[in-house]
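Peer 1: quick one: sequence and predicted model below, then my questions.
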Amino acid sequence: MAATPIHGVLHDARTQRSLRVEVDFDSARRAVHARGENLDLFLPEQQLKVERGGFRGDVVHLLWLGAAGSVSITLEDRDQVEAFCERASTTLADQIRSTRGRKPSAAGRIFAAALLLALLLPIALIVFVVQNPDPLVGWIVDRIPPSVEKAIGGQVEREISARAITGGPLSDALSRITAELSKGIQDPPFEMRFFLVPDATCNAFAAPGGVIAVHTGLLAQAESPEEVAGVLAHEIGHVLLRHSLRQMVYRAGLWSAIRLLLSGADSWVLGGAEMLTALSYSREDEGEADGKGLEILEAAGIDPEGLVRFFERTADNDPLMPALLSTHPTSEGRARRLRELSAGLPSPAPLDWGLDWPAVREQARAAR
Ligand SMILES: [Zn+2]
């Protein structure tokens, strides 16, 4: 006799698609088996992480984080979760039951209910009247506290730090630059954490919560420490102006964003670092991040010429810069605007970085 099917929702963070699936446990493979339209997927038990979610803590997410992205299977009510536990291995069932045990307090639930009401009314209004998601996304982002933003960044940080270069001359050179740069950030909501990633593409990207990944390809292409400092000041600008957070909320969708507001980052399934590299900022964001970057450089006493030069070179469609350009769209006017803005700033005395820059570039080129 065929067992009653267990229903779940499979969410692919990479494509941002969700799909209804039948969920089962394959004891021979020790894997969760998900079947849906054009889909037959086995997620090995050992690679799964269990998270609790939902308004009453009775929703269970089975998360699989792989190099190519992440997939989650959500069991949406107590009965489906219990039916699944009956079929799963003892280890997985125990893990699910113990994770599920952490329920929000009664006061927390009342607060969340009140917050949901307070959120839904204006949200419904905005959705139906304006039919334009931008103000709504901005409204939600304004209400995400720095602690939650930092927790979101924490997911990305775990992924990036696992493959980051630590120690050695390249990492030291980056630390030298970021130490100077940090002097220009006044009252940051959280500490900025920089990670050097062995990747030959000339790129850097910022995650919410102050996590900034710097590719070795950026060190290899930059003609001076000031250019690196300039690009990173621009990235810090994106972080402080919450551009990456807004992009992630935009991509994750309305309901994920509301869940994020209600229950914090732990139940928000994000695409992590993979997703960040796929984000693209608007030209308005770029202009704002440039302005903020210049402010930071000025406060840190670093010559803004580096930032201006770097983006002038990208504006010339330098073939070495495609990765940076794809996530930070530039335009002809942008380099000119940067040039004008920086002309109004005082020129600081050149900094003694104590770095042999040609040697750093050479090492960065060799790093893999
Ligand atoms: Zn940018």
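Peer 2: Alright, I've got the coordinates.
Peer 1: which residue ranges of the chain form strands?
Peer 2: Per DSSP state E, the chain carries strands over the ranges 6-12, 17-26, 31-36, 39-44, 48-53, 59-66, 69-75, 193-197, 204-207, 211-215.
Peer 1: tell me which residues in the fifth one are buried?
Peer 2: Residues Leu48, Val50, Glu51, Arg52, Gly53 are the ones in strand 48-53 that count as buried (16 or more other Cβ atoms under 10 Å). Just so you know, the C-beta spots here come from the backbone N, C-alpha and C atoms, and that holds for glycine as well.
Peer 1: got a pLDDT number for Asp77?
Peer 2: pLDDT recorded at Asp77 is 82.
Peer 1: of the buried residues of strand 48-53, the lowest pLDDT goes to which?
Peer 2: Gly53 (73).
Peer 1: what residues are bridge-paired with that one?
Peer 2: Legend: beta-bridge partners of Gly53 under DSSP bridges are Val59.
Peer 1: tell me if I'm right that it and Val59 touch.
Peer 2: Yes. Using Cβ atoms under 8 Å, Gly53 is in contact with Val59, at 4.5 Å.
Peer 1: now Gly66: closest residue in space, sequence neighbours ignored.
Peer 2: Take Gly66 and drop its neighbours on the chain: the residue closest to it by Cβ to Cβ, 6 or more residues apart in numbering is Gln47, 7.6 Å away.
Peer 1: so that neighbour makes contact with Trp64?
Peer 2: Yes. Look at Gln47 against Trp64 with Cβ under 8 Å: they come within range, at 5.8 Å.
Peer 1: more neighbours: the two, which one.
Peer 2: A direct count of neighbours by other Cβ atoms under 10 Å for Gln47 and Trp64 places Trp64 higher, at 17 against 12.
Peer 1: from the ion, how far off is that one?
Peer 2: 31 Å (Cβ to the ion, to the nearest Å).
Peer 1: correct me, but that residue touches Val50?
Peer 2: No. Applying Cβ under 8 Å as the test, Trp64 and Val50 come out as separate, 10.9 Å apart.
Peer 1: and the residue nearest to Gly66, what is it in contact with?
Peer 2: Trp64, Leu65, Gly66 (Cβ atoms under 8 Å, 6 or more residues apart in numbering).
Peer 1: list the contacts for the first one?
Peer 2: Pointing back at Trp64 there. Leu43, Gln47, Leu48, Lys49, Ser70, Val71, Ser72 are the contacts of Trp64 under Cβ under 8 Å, 6+ apart.
Peer 1: burial count for the fifth one?
Peer 2: Neighbour count of Ser70, defined by other Cβ under 10 Å: 22.
Peer 1: let's have the chain start at 29 instead
Peer 2: Shifting the count to begin at 29 puts that one at Ser98.
Peer 1: next, the residue lying closest to it once chain neighbours are set aside: phi, psi?
Peer 2: Leaving aside its sequence neighbours, Ser98 sits nearest to Ala41 (Cβ to Cβ, 6+ apart; 4.5 Å). Dihedral pair for Ala41: phi -70, psi -30, per degrees, to the nearest 10.
Peer 1: what's the distance between the residue nearest to Gly94 and Phe112?
Peer 2: The gap separating Gln75 from Phe112 is 17 Å, by Cβ to Cβ, to the nearest Å.
Peer 1: also Asp313?
Peer 2: With distances taken as Cβ to Cβ, Asp313 is found 42 Å from Phe112.
Peer 1: domains in this protein, by residue range?
Peer 2: Annotated domains of the chain cover 34-128, 134-170, 174-394 [automatic domain parsing].
Peer 1: deepest of the ones you listed, which one?
Peer 2: Compared across those, domain 174-394 shows the largest average neighbour count, a mean of 19 (mean count of other Cβ atoms under 10 Å).
Peer 1: okay, how far is it across that one, tip to tip?
Peer 2: Using Cα to Cα, to the nearest Å, one end of domain 174-394 lies 38 Å from the other.
Peer 1: where does pLDDT dip in the stretch 229-378 of the chain?
Peer 2: 280-284, 286-307, 343-360 (pLDDT under 70).
Peer 1: pretty sure Ala59 contacts Asp68?
Peer 2: No. Between Ala59 and Asp68 there is no contact under Cβ under 8 Å: 11.6 Å.
Peer 1: what ranges do the helices span in the stretch 79-228 of the chain?
Peer 2: Along the stretch 79-228 of the chain, the stretches classed as helices by DSSP state H, counting those that start in this stretch are 106-115, 118-128, 134-158, 161-170, 174-191, 196-210.
Peer 1: dump the fourth one to CSV, restricted to CA.
Peer 2: Read that as helix 161-170. Output in CSV follows, covering the C-alpha atoms of helix 161-170 (Å, rounded to 0.1, in the frame of the first residue of the first chain):
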residue,chain,number,x,y,z
PRO,A,161,7.7,47.7,-5.5
ASP,A,162,10.5,50.2,-5.0
PRO,A,163,9.0,52.3,-2.2
LEU,A,164,7.8,49.2,-0.5
VAL,A,165,11.2,47.6,-0.5
GLY,A,166,12.7,50.8,0.8
TRP,A,167,10.1,50.9,3.5
ILE,A,168,10.8,47.4,4.6
VAL,A,169,14.6,47.9,4.5
ASP,A,170,14.3,51.0,6.7
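Peer 1: what angle separates that helix from helix 134-158?
Peer 2: 160 degrees (axes from the mean of the first three to the mean of the last three Cα atoms, to 10 degrees).
Peer 1: packing partners for helix 161-170?
Peer 2: helix 134-158, helix 271-280, helix 282-291 (3 or more Cβ pairs under 8 Å, 6 or more residues apart in numbering; DSSP states H and E).
Peer 1: got it, and the third one?
Peer 2: The criterion is 3+ Cβ pairs under 8 Å, 6+ apart, and the helices and strands that helix 134-158 contacts are helix 161-170, helix 282-291.
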